[in-house]
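[1] sequence-free structure coming up:
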């Protein structure tokens with residue numbers, strides 16, 4: 001007889017499982033991850049197995065789970081929609097356990113033939129076709145009675161309303177409605193733009209869509225379907241194997257997943273499990289495991305069922321990708337580009353095959369949207385190599401000491417002011433040239449080919465120089481000498497001298513290149529050229545007001561404010577001064593803010609190969625005459641310069657009646673304008 005504590009625990013488990021089933025199946029608002037639910041369910045199963053007298057007709061273990069929504073008509077399943085047993089061991093032992101059970105039950109030696117399929121993470125559906133026409137669709141419900149969701153299923157375009165070549169009087173097709181990752185992300189992006197609630201994961205998106213009472217709302221969510229089995233069948237002679245059934249369903253026009261195989265023996269099952277695990281993250285949809293089935297229908301019948309599960313099938317799951325844990329704190333991580341990312345510091349939890357103690361919270365808006373507080377119990381998700389993230393909160397478990405997160409107003413690394421531009425979710429540090437977190441990125445950008453063009457100064461060398469504290473800021477570049485560089489690992493004396501020479505050469509710069517090299521947010525090559533041409537001198541740019549900057553072509557309020565913010569930081573101005581003192585010079589002039597250049601206001605597009613000059617050279621010469629050089633042809637394009645092997649851009653120009661110059665005409669026009 002079970003003791004009082006065991007009886008109490010069993011009741012507690014039954015009540016908790018029923019509560020979560022109600023939230024998942026009825027409210028479409030699950031509060032715990034699947035792995036946590038499975039853990040509760042397995043504990044109750046174990047207690048009822050040890051103490052059979054604890055079993056009750058209303059126990060969650062005696063049914064598949066769920067409840068018919070009052071808004072949907074009930075559908076009695078002609079053939080019960082039962083669940084299958086789950087294995088969570090390694091690929092070898094999980095497959096071997098199933099194979100051993102099958103062979104023991106059949107009393108056979110030798111290899112058994114199996115079909116291997118994917119275990120989709122969506123909503124199970126029964127489609128009823130009569131004489132090839134879809135007449136009804138129902139959810140699993142409690143396994144015996146489901147919900148009539150025919151109108152919502154009709155909104156899924158990949159589900160045929162009429163089967164091709166199907167002669168069965170009745171054919172019930174079972175499968176999974178799911179939402180692809182691409183469609184899930186696209187839907188959530190659109191919801192965020194509209195300021196509307198987003199979906200937690202694709203599984204909830206699929207379940208919630210099908211169980212909308214208004215089919216018009218269901219139709220707005222992009223869903224897909226895979227068939228994987230049968231229910232009631234009348235007037236059709238079944239093939240001899242399950243794999244042949246899947247082939248037949250596909251021939252009728254039903255979508256069947258291509259990632260399936262017929263194999264022999266436990267080793268082949270394990271190899272399929274391993275092969276799918278390797279490509280799991282690249283799949284366009286979520287799965288939480290694979291499914292093994294005895295292929296022969298005759299053997300399936302011989303094996304039969306035990307309790308609520310078929311003996312001839314098993315789901316072999318992968319490590320859970322979602323788990324519960326406690327969020328202990330939120331810290332700020334400053335990225336290479338200055339972006340401030342809130343990072344959740346977690347009570348360590350095993351999820352997705354590894355122990356996780358940190359997870360991204362993305363940005364301030366996401367924290368607000370998910371209502372995350374420090375001290376909360378949170379749902380953490382980790383899929384493959386994707387950075388772990390906090391995807392939800394169990395608000396009912398929020399402790400009284402929980403506190404809201406506040407984004408800092410200064411950078412935690414360098415103390416510079418942080419800004420959040422209008423229309424952007426990201427908060428950024430303004431100390432680009434000074435902030436240690438951005439040091440490597442700032443140096444690499446500064447030395448890049450389109451900036452100061454310091455040949456030989458690549459990622460690995462910059463990593464060494466920064467990691468060994470040889471370079472702490474940009475001016476330290478010009479304090480390097482051959483002795484320091486030659487002393488670095490894998491750096492020969494000749495290579496060291498070449499880099500010193502490249503640094504020396506880079507000191508003679510063009511103003512626009514130097515300006516671009518500073519890495520001011522939103523100031524790309526073209527904007528840097530426009531600024532240099534308009535103001536002529538760096539001091540004028542550094543002292544310019546937003547109103548003055550707005551006089552520059554294509555400089556809008558966001559760009560203007562970014563420039564003002566950058567030079568408002570004293571340490572950024574100090575870096576520029578030090579570079580100048582170390583010999584970095586740039587050509588300056590009086591500016592052309594009041595001049596009208598020959599090609600001012602004209603937009604050019606270059607396509608094809610030019611024989612007499614590179615496209616970069618042609619671009620520079622056009623821009624020096626006031627032109628804007630764009631990357632694509634539109635109605636705003638004034639001229640397209642077409643070299644040899646010009647492609648789609650030339651076709652687009654002809655379609656839009658844009659003027660086209662050949663190379664000869666380009667050269668003649670440039671020489672004439674440059675001589676004026």
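    That came in fine, so what should we check first? What you see is a predicted model, and the numbers here were worked out from it, not measured in a lab.
[2] For the closest residue to residue 403 other than its chain neighbours, give me phi and psi.
    On the basis of CB to CB, 6 or more residues apart in numbering, the spatially nearest residue to residue 403 that is not a chain neighbour turns out to be residue 374, at 5.2 Å. In this view, the C-beta of every residue, glycine as well, is placed from N, C-alpha and C. In terms of degrees, to the nearest 10, the main-chain angles of residue 374 are phi -70, psi 130.
[3] Surely residue 374 touches residue 330?
    Yes - at 5.8 Å, residue 374 counts as touching residue 330 under the criterion of CB atoms under 8 Å.
[4] Residues in contact with both of these two, list them for me.
    Overlap between the neighbourhoods of residue 374 and residue 330 consists of residue 405, taking contacts as CB atoms under 8 Å, 6 or more residues apart in numbering.
[5] between the two, who's got more neighbours?
    Here residue 374 and residue 330 are set side by side on neighbour count (other CB atoms under 10 Å), and the busier one is residue 330, at 20 against 17.
[6] and that one, what is it in contact with?
    With CB under 8 Å, 6+ apart, residue 330 has these contacts: 342-345, 361, 367, 372, 374, 405.
[7] Run through the neighbouring helices and strands of the helix-or-strand element of the chain with minimal mean pLDDT.
    The helix or strand with the lowest mean pLDDT-type score in the chain, counting by mean pLDDT, DSSP states H and E, is helix 215-219 (a mean of 75). In this structure, helix 215-219 makes packing contacts with helix 150-153, helix 202-210, judged by 3 or more CB pairs under 8 Å, 6 or more residues apart in numbering; DSSP states H and E.
[8] ok, how many other residues are close to the closest residue to residue 492 other than its chain neighbours?
    In this structure, residue 492 finds its nearest non-sequential neighbour in residue 486, 7.3 Å apart by CB to CB, 6+ apart. Other residues near residue 486 number 16, with proximity taken as other CB under 10 Å.
[9] try residue 598
    Using other CB under 10 Å, residue 598 has 15 other residues around it.
[10] Let me see the contact set for the nearest residue to it once chain neighbours are set aside.
    Residue nearest to residue 598 in three dimensions, not counting chain neighbours: residue 673, with 4.3 Å by CB to CB, 6+ apart. When the contact criterion is CB under 8 Å, 6+ apart, the partners of residue 673 are 598-599, 625.
[11] And residue 226, by the same measure?
    Residues in contact with residue 226, defined by CB under 8 Å, 6+ apart, are 120, 175-176, 178, 255-257.
[12] will you turn those residues into TSV that also has secondary structure and distance to residue 153?
    Below are those laid out as TSV (DSSP: H, G, I helix; E, B strand; the rest coil; distance: CB to CB, whole Å):
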residue	secondary structure	distance to residue 153
120	strand	16
175	strand	11
176	strand	12
178	strand	13
255	coil	13
256	coil	17
257	coil	18
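[13] so where do the strands sit in the stretch 551-676 of the chain?
    When assigned using DSSP state E, counting those that start in this stretch, the strands of the stretch 551-676 of the chain occupy the ranges 585-587, 603-607, 628-630, 639-642, 659-661.
[14] Highest mean neighbour count out of those strands?
    Among the strands of the stretch 551-676 of the chain, the stretch with the highest mean neighbour count (mean count of other CB atoms under 10 Å) is strand 639-642, at a mean of 24.
[15] ok, and what's touching that one?
    602-608, 610, 618, 633, 649-650, 653, 658-663, 666.
[16] My understanding was that residue 557 contacts residue 550; is that so?
    Yes - under the criterion of CB under 8 Å, residue 557 is in contact with residue 550, at a separation of 7.0 Å.
[17] circling back to that earlier point, can you flag the weakest of the helices and strands packed on helix 215-219 by average pLDDT?
    Comparing mean pLDDT over those, the weakest stretch is helix 202-210, at a mean of 84.
[18] Tell me how many other residues crowd residue 283.
    Other residues close to residue 283 by other CB under 10 Å number 14.
[19] Next up, the contacts around it.
    Contacts of residue 283 (CB under 8 Å, 6+ apart): 118, 259.
[20] now it: how far from residue 277?
    Look at residue 283 and residue 277: by CB to CB, to the nearest Å, they are 11 Å apart.
[21] what's the answer for residue 615, then?
    On the measure of CB to CB, residue 615 and residue 277 end up 46 Å apart.
[22] neighbours of residue 163, just the number please.
    Burial of residue 163, expressed as a neighbour count using other CB under 10 Å, amounts to 21.
[23] Contacts only, for it.
    In this structure, residue 163 makes contact with 129, 132-133, 171, 252-254, judged by CB under 8 Å, 6+ apart.
[24] Can you give me the pLDDT of it?
    The per-residue pLDDT of residue 163 was computed as 92.
[25] and what of residue 604?
    94.
[26] cool, the one 4 residues further on as well?
    The score at residue 608 is 90. That number is its pLDDT.
[27] Give me the neighbour count for it.
    The number of residues packed around residue 608, counting by other CB under 10 Å, is 17.
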